[in-house]
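Engineer: Turn this into a model:
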Amino acid sequence: MPSLGYPVTRDFPGQVFAPAAFTGAIIALVFLVIINAASAGYETVSEFNADFNVTRTHWFNQHLPFLVPKPGTLCDPRLLGLGDTITTNYTLFQYTIASIDLPNIDGSGLSYRGWTLDNCDITSLFVNADANTFVMDFTALVSCRADEAQILTGNDYQITARTDWQESTLSGKYTSLLGAQKALKDRQGGTFNKTKDARGTVLDAITAVASTDFAIRVLNLDAVTSFPSIISFQADFPWCPASLADAPCASQIPPYTAGQAPQQYFASQPAASFNQPLVTDNTSAIISNLVQGIYATVRMDLGNRSPNNFLLNTSRIPEAINATFPSTFPNVANRSLLYSLLVDDGYYASTPGTSSVYDLTGLLPLTLPGPAVLDGVYLCRFLVARSPGAAFIAVVAATLSVFSSGWAAFLAVAAAVVKRRSPGGK
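Structural biologist: Now for the predicted structure:
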């Protein structure tokens, strides 16, 4: 039968070892309490947050700086696919992903991690104006590409988004412009915020008044000439995103190339010889005003604070917007309502039917407080303190478990060292 026994204990030699060991144990115990309070005293919970780069700090981070989370490590990326609807944090337009030319995930999607839209810009604008139905259809294309820093980290992508809306002089036509909807709702509800809602109000005014200018001139030309009642064109712009703020394209009035407008159009004979391109002084200035107005509002939604945006820098209005149109025919409007509204020279306000529609007094120039990002929420994981009782039990149990194991290992190693140095190894 095996016998029972107990280990023989001896004091460690020297007068320094014991005090040093106990001092080290106390220091280690305090360190373990802090570590376990940070780990066992908190639990991970999932929450939704609108900021992908959100971080949260706790009391222990000043003692354990290596536990401070880095921006972008607490939230899951937003996965986007073809046809998904997106908006920016300025919420002026609603976009649909039209193409993912270079995906950064799974060969067909985009993993969005909250980066700014400094490499996004409007590249094309499509306009179809039908004087017969009093409706103008707009489609703007926006291209986003990875910058060099993103490419170096393996986040290479390129997508194209589109935004579509209609403008009409008919009171029963609903506008799909998000910024205009919100500004109108806040104004009607008495919660209009001049700083925030001014952008939506100006967006509504720019698109509506520029379209009105266009419609008035086209209708009048159609009444006195054989001018086409349907005009369709495409305008293309050089890619000049916010990341190119120091480039010449950010300072000069945006150039564009416009496809020619048809002289006349018969739906039953779209390829007929009389459907020939024709852009003259009758249409060039009015097309330019419309294009420049849309260009400025879309770039504002993308957070582009370029100096050539006349909505942010009103001194550029005379360069970007034509004040008058050529007087090629009698009784055809040759003063721009849009220009008058922007500079507030009284012509727009005195024109019958317009004085009570839009008033931009005190709203220009607009401001953009920061770069644009895609609006949305992300699933994030944060550390949240446990209840006091649960935290106390968890910290005590974890501390005692680690400390007792470490203390036993320390004594065993110390005893082995002493035995080796003692005569006879005892």
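
Engineer: and residue 250, how many neighbours?
Structural biologist: Look at residue 250: counted by other Cβ atoms under 10 Å, it has 19 neighbours. Using the backbone N, CA and C atoms, a C-beta is placed for each residue, glycine as well.

Engineer: Could you report the distance from the spatially closest residue to it that is not a sequence neighbour to residue 390?
Structural biologist: Nearest non-adjacent residue to residue 250, counting by Cβ to Cβ, 6 or more residues apart in numbering: residue 306, 4.1 Å away. Counting by Cβ to Cβ, to the nearest Å, the separation of residue 306 from residue 390 is 54 Å.

Engineer: Between the two, point out the one with more neighbours.
Structural biologist: Under the criterion of other Cβ under 10 Å, the comparison of residue 306 against residue 390 puts residue 306 first, with 22 against 13.

Engineer: can you pull the pLDDT of that one?
Structural biologist: On the pLDDT scale, residue 306 is placed at 92.

Engineer: so who does it touch?
Structural biologist: Shown in contact with residue 306 (Cβ atoms under 8 Å, 6 or more residues apart in numbering): 240, 242, 245, 250-251, 299, 312.

Engineer: Could you rerun that using 10 Å?
Structural biologist: 121, 240-242, 244-245, 247, 249-252, 254, 296, 299-300, 312-313 (Cβ atoms under 10 Å, 6 or more residues apart in numbering).

Engineer: buried subset of the residues you listed?
Structural biologist: Neighbour counting over the contacts of residue 306 (16 or more other Cβ atoms under 10 Å) leaves 121, 240-242, 244, 249-250, 254, 296, 299-300, 312-313 as the buried ones.

Engineer: Just name the closest of those to residue 93, please.
Structural biologist: Nearest to residue 93, judged by Cβ to Cβ, of the buried ones among the contacts of residue 306 is residue 300 at 9.8 Å.

Engineer: That closest one and residue 121 touch, don't they?
Structural biologist: No. When contacts are counted by Cβ atoms under 10 Å, residue 300 is not listed as touching residue 121 (12.0 Å).

Engineer: Tell me how far residue 151 lies from residue 297.
Structural biologist: 30 Å.

Engineer: Tell me which of the two has more neighbours.
Structural biologist: residue 297 (26 against 12).

Engineer: Where does that one fall, secondary structure wise?
Structural biologist: In this structure, residue 297 sits in helix 284-301 according to DSSP states H and E.

Engineer: so after that helix, what's the next helix or strand?
Structural biologist: Following helix 284-301 in sequence, per DSSP H and E, is helix 317-320.

Engineer: so for that next one, what's the average pLDDT?
Structural biologist: Mean predicted lDDT for helix 317-320 stands at 94.

Engineer: Put the alpha carbons of that helix into PDB.
Structural biologist: Extracted C-alpha coordinates of helix 317-320, given in PDB (Å, rounded to 0.1, in the frame of the first residue of the first chain):
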ATOM      1  CA  ILE A 317     -21.600  82.700 -60.700                       C
ATOM      2  CA  PRO A 318     -21.000  85.100 -63.600                       C
ATOM      3  CA  GLU A 319     -18.400  82.700 -65.100                       C
ATOM      4  CA  ALA A 320     -20.500  79.600 -64.700                       C
END
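
Engineer: The following helix or strand past it packs against which elements?
Structural biologist: Toward the C-terminus, helix 317-320 is succeeded by helix 337-343 as the next helix or strand (DSSP H and E). Where contact means 3 or more Cβ pairs under 10 Å, 6 or more residues apart in numbering; DSSP states H and E, helix 337-343 is packed against helix 194-224, helix 284-301, helix 317-320, helix 347-350.

Engineer: Give the buried residues for the helix ranked longest in the chain.
Structural biologist: Longest helix of the chain, by residue count under DSSP state H: helix 388-421. For helix 388-421, burial by neighbour count (16+ other Cβ under 10 Å) applies to 391, 394-395, 398-399, 403, 418.

Engineer: okay, residue 283: pLDDT?
Structural biologist: pLDDT at residue 283 comes out at 76.

Engineer: Equivalent analysis for residue 295, please.
Structural biologist: 95.

Engineer: mind listing what it touches?
Structural biologist: By Cβ under 10 Å, 6+ apart, the residues touching residue 295 are 121-122, 125, 140, 235, 237, 253-254, 256, 308-310, 320.

Engineer: Could you do residue 203 as well?
Structural biologist: Contacts of residue 203 (Cβ under 10 Å, 6+ apart): 90, 92-93, 175, 177-180, 182-183, 293-294, 296-298, 300-301, 311, 366.

Engineer: and residue 132, how many neighbours?
Structural biologist: 8.

Engineer: wait, residue 248
Structural biologist: For residue 248, using other Cβ under 10 Å, the count is 9.

Engineer: Now do it against residue 144, distance only.
Structural biologist: Applying Cβ to Cβ, the value for residue 248 to residue 144 is 22 Å.

Engineer: and if you look at residue 394?
Structural biologist: Residue 394 sits 46 Å away from residue 144, going by Cβ to Cβ.

Engineer: again with residue 377
Structural biologist: 20 Å.

Engineer: With distance to residue 287 as added columns, please give the contacts of residue 295 in JSON lines.
Structural biologist: Output for these, formatted as JSON lines (distance: Cβ to Cβ, whole Å):
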{"residue": "121", "distance to residue 287": "20"}
{"residue": "122", "distance to residue 287": "16"}
{"residue": "125", "distance to residue 287": "10"}
{"residue": "140", "distance to residue 287": "15"}
{"residue": "235", "distance to residue 287": "8"}
{"residue": "237", "distance to residue 287": "14"}
{"residue": "253", "distance to residue 287": "15"}
{"residue": "254", "distance to residue 287": "14"}
{"residue": "256", "distance to residue 287": "10"}
{"residue": "308", "distance to residue 287": "19"}
{"residue": "309", "distance to residue 287": "19"}
{"residue": "310", "distance to residue 287": "17"}
{"residue": "320", "distance to residue 287": "13"}
